[in-house]
Every structure is written in C-alpha cells, then in structure tokens.
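# No letters, just coordinates:
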C-alpha cells in the first residue's frame with residue numbers, strides 16, 4: 001500500500017470517527033429539557049409580575065421565584081398547564097394567612113398572584129375596604145405614604161392614581177401611595193394600598209369559605225381582580241380551590257424598570273435598586289397574650 005492510499009484510508013477513518021451521533025445528541029437534549037420541566041413542576045420556577053395588583057409589595061417588572069411543594073402537588077403544579085384539570089392533590093397542605101400564592105384562573109390557563117386572606121371554613125366580608133374575618137375586623141394601621149419611583153413599569157398614571165405623582169426632595173418623580181399595614185390573626189403583617197375610598201370592591205357581602213378553598217385578594221385593593229371580582233370582570237369569581245393553586249411566592253430575584261432593550265448595557269441600567277433577594281414571606285407581628 002502506497003503512501004497516498006494510506007492517507008486516504010486514514011482520512012476515511014477520521015471522517016467515520018467524526019460522524020455525529022444525532023440520536024445521542026437529541027436524547028441528551030430531551031433529558032435536559034425533561035429535567036428542567038420536572039424542576040419547574042415540582043421544585044421551583046421563575047415568575048414575572050405583569051400587573052400592579054400586588055403593589056406596593058410587588059411591582060411590574062419584578063422577577064421572582066415560586067416554590068411548587070409547600071401545599072403539595074396537583075394539576076396546576078405542572079408547568080405550562082399540560083395536565084388536565086382535576087380535584088386531586090398529593091401531599092396536600094393548606095396555606096397560611098398572608099401567604100402569596102399562584103392561583104390559576106377557574107376558566108383560563110392563566111396564572112394570577114394574590115394573597116391568602118381567608119382559610120377553609122372562615123367567614124369573610126369586606127366593609128369600606130376593611131376585611132371582616134369571622135365577624136372581627138382585621139386591623140389596618142395607617143402608614144406614611146409610600147413613595148414608589150416612577151418609571152416605565154410604574155408610571156403612576158393620573159387615572160388610576162389621581163394626584164399621587166409627586167417630586168421628592170431629590171427632584172425625582174415618585175408615586176406617593178396611601179398605605180396601610182394589615183395584620184392577620186396569625187400575626188402575618190404586610191402593607192396594602194387603598195387609593196379609592198368608594199371603589200366597588202371595597203364592599204363584599206359575607207360568605208363562608210368552603211372546605212378545600214381559600215379566599216384571595218391583591219395588596220393593591222382597588223386595582224386587583226381577585227376573589228371579590230366575578231369571572232366576567234376577569235376576577236377569580238370567589239374562593240379558589242386548593243387544587244388550583246400552583247405554588248407560593250418566595251423571593252424577588254431582580255426587578256426591571258421597563259427600559260431594557262436589545263442592547264446588553266440596558267439590561268444592567270434597567271435594574272431597580274434594592275429589590276433583588278427581597279423575601280415575599282410576610283413578617284410576623286408580636287401578638288398580645290392574655291395575662
């Protein structure tokens with residue numbers, strides 16, 4: 001065998017060795033995607049805040065982590081809502097007052113984000129914007145107006161927030177939100193916003209929350225389609241079955257002000273200060289003990 005023939009054989013062997021095993025490549029990719037899907041469905045997933053319904057605690061542009069296991073697993077735990085709806089639950093548990101949860105709309109495969117304000121068996125009503133829980137008003141304490149910086153994701157438009165756009169001492173535009181501290185029977189305490197004294201959903205006749213369901217409300221009480229609002233109003237249409245809750249909000253990873261674009265530099269300049277890694281679990285207030 002001459003040198004030319006030997007070179008041709010060597011080149012052929014190299015080409016044979018360099019052939020891509022496409023089956024192995026696709027199998028590896030499929031396994032990776034399956035692992036990501038399983039993690040999102042059973043451990044945690046990212047979540048984006050698209051609306052102002054949870055201001056002041058969550059802003060449009062916040063990115064957060066939702067844990068999938070605190071209340072067990074059900075059809076709504078499965079990412080992208082690929083599983084048919086059903087009333088089954090595995091390792092079931094019940095949320096606590098004040099938890100921020102991810103309910104799925106009763107008719108559309110659309111994730112909402114709201115706060116638990118009544119548990120199974122509770123009687124709940126709303127009078128002039130104040131929750132009446134089992135016949136007792138839930139305490140609301142007036143807090144100083146909260147100044148939220150105005151940006152593209154938080155424009156503080158005059159229709160929804162009349163007269164609230166102001167200029168702070170440094171000359172920056174802020175939205176001065178009328179804020180209250182609400183404290184639930186278990187001590188969970190958090191801020192809420194009430195901008196319109198005569199908002200229709202500020203009054204809600206008393207109902208009893210059925211077993212296996214919870215009553216949910218947004219922290220921005222006059223801009224939230226929650227359990228108080230009918231399905232026609234894009235609300236949740238009353239208490240939400242626990243099998244329709246797909247997880248619990250845990251913490252903010254980062255937040256964008258709306259100026260990010262295709263320029264990578266803008267990804268950093270659009271970051272809001274002071275929001276990354278903020279916990280979303282409510283603080284617990286000290287409760288008075290009988291002496």
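Yep, that arrived. In this text, all values refer to a predicted model and were calculated from it rather than measured experimentally.
# so which helix or strand takes in residue 179?
strand 173-183 (DSSP states H and E).
# which helices and strands sit right next to that strand?
strand 140-149, strand 165-167, strand 188-193 (3 or more CB pairs under 8 Å, 6 or more residues apart in numbering; DSSP states H and E). No exception for glycine: its C-beta is placed from N, CA and C like everyone else's.
# List the contacts of the last one.
Spelled out, that is strand 188-193. The contact list for strand 188-193 (CB atoms under 8 Å, 6 or more residues apart in numbering) reads 55-57, 96-99, 115, 140, 143, 146, 177-183, 219-222, 282-285.
# pLDDT averaged over that strand - what is it?
The average pLDDT within strand 188-193 is 97.
# I'd assumed residue 65 was in contact with residue 250.
Yes - assessed by CB atoms under 8 Å, residue 250 is found in contact with residue 65 at 5.0 Å.
# shared neighbours of these two, anything?
Shared contacts of residue 250 and residue 65, counting by CB under 8 Å, 6+ apart, come down to residue 44.
# Would you map the helices across this structure?
Listed in chain order, the helices of the chain (DSSP state H) span residues 3-17, 22-42, 264-269.
# Worst mean pLDDT among these?
helix 3-17 (a mean of 50).
# ok so, going back, put the buried members of the contacts of strand 188-193 into a PyMOL selection.
Here is the PyMOL command that selects the buried residues among these (16 or more other CB atoms under 10 Å):
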select buried, resi 55+56+57+96+97+98+99+115+177+178+179+180+182+183+219+220+221+222+282
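# To residue 87, which of the helices and strands packed on strand 173-183 lies closest?
Among these, strand 188-193 comes nearest to residue 87, with 27.5 Å by CB to CB.
# now the closest one and strand 140-149, what's the angle there?
60 degrees (axes from the mean of the first three to the mean of the last three CA atoms, to 10 degrees).
# For residue 236, which non-adjacent residue is closest in space?
Spatially, and ignoring its direct neighbours in sequence, residue 236 is nearest to residue 227 (4.9 Å; CB to CB, 6 or more residues apart in numbering).
# Wait, that neighbour touches residue 241, no?
No - using CB under 8 Å, residue 227 makes no contact with residue 241, being 11.5 Å away.
# Just want to know which of those two has more residues nearby.
Higher neighbour count among residue 227 and residue 241: residue 227, with 27 against 18, using other CB atoms under 10 Å.
# Report the contact partners of that one.
With contacts defined as CB under 8 Å, 6+ apart, the neighbours of residue 227 are 114, 215-217, 235-240.
# Of those residues, which is the nearest to residue 153?
Using CB to CB, those come closest to residue 153 at residue 114, 19.6 Å.
# check contacts around the closest one.
Shown in contact with residue 114 (CB under 8 Å, 6+ apart): 53-54, 100-101, 103, 216-218, 224, 226-227, 236.
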